[in-house]
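K.L.:
Here's my sequence, what's the structure:
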Amino acid sequence: MTDINGATYSYDKNGNLVSDGTWTHGWNYDNTVASSTNGSLTATYGYDHNRQRVSYDNGTNTLVYPNRYYNQSTATTTRHIFAGSLLVATVEGNGIATSTNYIHTDHLGGTNVTTDGSGDKVQLTDYYPFGDLRLNETDGFDEQRKFASMERDSDTGLDYAKARYYNSGIGRWISQDPAFLVVGTPNLKALTGRSFEQYLIDIQGMNSYSYTKNNPLTLIDTEGSYWLFPKTRASNDIRNNRQNIVNAANQYQDVRLEMVASVIYQERYNANGVNPLDSYDVPLGYLGVDTSIGLGQVKISTAKMLVDKGYISRESVGMENNRNYSYVNALQNNEYNSIFVAGYLQYLIDNWKGEYSEITNDIGVLATLYNKGVGEPHSSPGPSPEFGEKAQANYDHVKSLLKEDDN
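P.N.:
Predicted structure coming up:
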């Protein structure tokens, strides 16, 4: 695309947008935006070694981002509170006092209504289909995160999505999908979970600038990386970890590989099409936060419990000691994470089979227990419609994935 409504768009040889007639963008060697200028304002960006943004400077104000939960500008600090991947509150402080505002999101996870501690509305936000602001009524507060919970830079209007930036005004990314840049190399399957042939079949998926395959009403992409529908992404995770799942299940008497695969599949499916492994869980884990990590979203406290009770030996998951960082390291490894998943399933079976003898045959109940538990063991547990019933509904599909021949 080189022209929209009379505005001329020009790109560099890597496919990065250089100019749209209003903004001129400079780029680093690794295809991250270095600067944006419109003649009167210049914004500069800083990144860490993982290409994640750590600073934004518009010439008069500098924002510093240690992580997605926290940023600081001069004397103002902002903390975002998440429930899983859902933004629920923002806390702002100025060194003297703090204020908390509560975020009520739309169906895509974007900020819709924001209320203060008294329940009064302080901001009302609504969007056109591809995320451009339709309505933005503020009363002393302006939430940084807007469409699909992406952070919107008020100067440029661009949404930051980790791998690249999104322009909601035209419904396109301003640089190419990282997957497009590795087509024809072994890195393609590692990045997308698809073979070269599978990648070519998905015509819309090869549009390296489109947002969510041009379906923004039901799908989101806050990562800016290769888009996959939730079912496709979850299926690829099972295919790519089939041997890990088999090896893990074989270590436990009552655990079948379909059990391990089902709970992993549902955890991955619940990622909602966004990058399934939240990169911020790991640094939070290192800081001592009891977060869920890796393929099966295993909580650090659950992993410790399994080691303490003898369901898993530290040696079997590559742990040198019982310190917190050792658990975080182990849970990042898909092979070891699968073992923790299988070990936890065996623990649940052992605790429940005395009261509920069908536990090993009821994937809906077992998946519910795995996801959140239902209290003390009893004889008539029921699956959770939010997780267990979905795991039950997908059970046959998961079994078929395990039987596929490797390509």
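K.L.:
So, low pLDDT: which residues of the stretch 151-300 of the chain?
P.N.:
Segments of the stretch 151-300 of the chain classed as low confidence (criterion: pLDDT under 70) are 190, 193, 227-230, 232, 271-280.
K.L.:
just the helices in it please.
P.N.:
In the stretch 151-300 of the chain, helices defined by DSSP state H, counting those that start in this stretch lie at 187-192, 196-201, 230-240, 242-249, 257-269, 281-286, 300-308, listed in chain order.
K.L.:
how about those helices in TSV, adding mean neighbour count and distance to Tyr70?
P.N.:
All C-beta spots, glycine's among them, are computed from the backbone N, C-alpha and C. Formatted as TSV, these follow (neighbours: other C-beta atoms under 10 Å; distance: least, C-beta to C-beta, whole Å):
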stretch	mean neighbour count	distance to Tyr70
helix 187-192	18	29
helix 196-201	13	37
helix 230-240	19	28
helix 242-249	20	34
helix 257-269	25	26
helix 281-286	17	11
helix 300-308	18	20
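K.L.:
how about the ones you listed in TSV, adding distance to Ile170?
P.N.:
Rendered in TSV, the data for the helices of the stretch 151-300 of the chain read as follows (distance: least, C-beta to C-beta, whole Å):
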stretch	distance to Ile170
helix 187-192	25
helix 196-201	25
helix 230-240	26
helix 242-249	41
helix 257-269	31
helix 281-286	33
helix 300-308	42
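K.L.:
Looking at those helices, which is nearest to Asp3?
P.N.:
Using C-beta to C-beta as the measure, helix 196-201 is the one of the helices of the stretch 151-300 of the chain that comes nearest Asp3, at 28.0 Å.
K.L.:
per-domain residue ranges of the chain.
P.N.:
Split into domains by automatic domain parsing, the chain comes to 3-172, 180-228, 235-403.
K.L.:
Pick the most deeply packed of those.
P.N.:
The highest average neighbour count among those, using mean count of other C-beta atoms under 10 Å, belongs to domain 235-403 at a mean of 19.
K.L.:
send the alpha carbons of the lengthiest helix in the chain over as PDB?
P.N.:
If you go by DSSP state H, the chain has its longest helix at helix 334-352. The C-alpha trace of helix 334-352 is given here as PDB (Å, rounded to 0.1, in the frame of the first residue of the first chain):
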ATOM      1  CA  ASN A 334       8.600 -27.200  27.800                       C
ATOM      2  CA  GLU A 335      10.000 -30.600  28.700                       C
ATOM      3  CA  TYR A 336      10.100 -29.900  32.400                       C
ATOM      4  CA  ASN A 337       6.900 -28.000  32.400                       C
ATOM      5  CA  SER A 338       5.100 -31.000  30.900                       C
ATOM      6  CA  ILE A 339       6.400 -33.100  33.800                       C
ATOM      7  CA  PHE A 340       5.000 -30.600  36.300                       C
ATOM      8  CA  VAL A 341       1.700 -30.800  34.500                       C
ATOM      9  CA  ALA A 342       1.600 -34.600  34.700                       C
ATOM     10  CA  GLY A 343       2.800 -34.600  38.300                       C
ATOM     11  CA  TYR A 344       0.000 -32.200  39.300                       C
ATOM     12  CA  LEU A 345      -2.600 -34.400  37.600                       C
ATOM     13  CA  GLN A 346      -1.400 -37.400  39.500                       C
ATOM     14  CA  TYR A 347      -1.600 -35.400  42.700                       C
ATOM     15  CA  LEU A 348      -5.200 -34.400  41.900                       C
ATOM     16  CA  ILE A 349      -6.100 -38.000  41.100                       C
ATOM     17  CA  ASP A 350      -4.600 -39.300  44.300                       C
ATOM     18  CA  ASN A 351      -6.500 -36.800  46.400                       C
ATOM     19  CA  TRP A 352      -9.900 -37.300  44.700                       C
END
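K.L.:
which other helices and strands contact it?
P.N.:
Other elements packing on helix 334-352 under the criterion 3 or more C-beta pairs under 8 Å, 6 or more residues apart in numbering; DSSP states H and E are helix 242-249, helix 257-269, strand 298-299, helix 300-308, helix 324-332, helix 363-371.
K.L.:
any chance of these in JSON lines, with distance to Ala34 too?
P.N.:
JSON lines is the format used below for the helices and strands packed on helix 334-352 (distance: least, C-beta to C-beta, whole Å):
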{"stretch": "helix 242-249", "distance to Ala34": "39"}
{"stretch": "helix 257-269", "distance to Ala34": "34"}
{"stretch": "strand 298-299", "distance to Ala34": "38"}
{"stretch": "helix 300-308", "distance to Ala34": "37"}
{"stretch": "helix 324-332", "distance to Ala34": "30"}
{"stretch": "helix 363-371", "distance to Ala34": "43"}
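K.L.:
among these, which is nearest Arg51?
P.N.:
From those, taking C-beta to C-beta, the stretch that ends up closest is helix 324-332, at 18.4 Å.
K.L.:
Which strands and helices lie in contact with that closest one?
P.N.:
Helices and strands touching helix 324-332, by 3+ C-beta pairs under 8 Å, 6+ apart, are helix 281-286, strand 292-293, helix 300-308, helix 334-352.
K.L.:
How about residues contacting stretch 241-256?
P.N.:
In this structure, residues lying in contact with stretch 241-256 by C-beta atoms under 8 Å, 6 or more residues apart in numbering are 238, 257, 259-261, 264, 295, 316, 334-335, 338-339, 341-343, 345-346, 349-350, 353, 360, 401-402, 406.
K.L.:
Among the helices and strands packed on helix 334-352, which comes closest to Tyr127?
P.N.:
The minimum distance between Tyr127 and the helices and strands packed on helix 334-352 falls on helix 257-269, with 25.4 Å, by C-beta to C-beta.
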